[in-house]
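# need a structure here:
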Amino acid sequence: MEEEQEEEEEEQEEQEEEEEEQEEEEEEEEEEEEEEEEQEEEEEEEEMEEEKEMEEEKEMEEEKEMDDGGAHKENEEEEEGVEEKEKKEMNDGGAHKVNEKCVR
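Numbering: from 1, shown residues only. Coordinates of the predicted model:
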């Protein structure tokens, strides 16, 4: 009887130990999964941050191009203004000469 009882106790202890080991393994697996998820989240955040930075750089470049383009347009307008003045002066001068001829 005592031997049977001891065997049962030993089996019960072994079973408890196996259950504990199994629980520990499950906990380790859960921890690993959590770590993997955290790592994936970090990577996603980094990617999103990089994309955001690239988008900001792109916007800055576009703004710079627009500013440069605007300056270029201003220069063109100034040049056109000078050309218009020169043409007008030439035309006025020509009209002035015509008027002088008429007066004579």
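
# Please enumerate the helices of the protein.
Secondary structure of the chain by DSSP state H: the helices cover 2-103.

# what stretches of it score poorly on pLDDT?
Across the chain, the ranges flagged by pLDDT under 70 are 69-82, 92-104.

# Against E14, how distant is the residue most central in space within it?
Closest to where the C-alpha atoms of the chain average out (CA atoms, centre = their mean) is K52, at 1.8 Å. According to CB to CB, to the nearest Å, K52 and E14 sit 57 Å apart. (Each C-beta comes from the backbone N, C-alpha and C, glycine too.)

# same deal with M66?
Going from M66 to E14 by CB to CB gives 77 Å.

# Next: M54.
Taken as CB to CB, the span from M54 to E14 is 60 Å.

# go on, E30?
Note on E30: its distance to E14, by CB to CB, is 25 Å.

# can you check E43 too?
Separation of E43 from E14 (CB to CB): 43 Å.

# go on, E3?
According to CB to CB, E3 stands 16 Å off from E14.

# More neighbours: which of these two?
Neighbour tally, E3 and E14, criterion other CB atoms under 10 Å: the higher count belongs to E14, 10 against 7.
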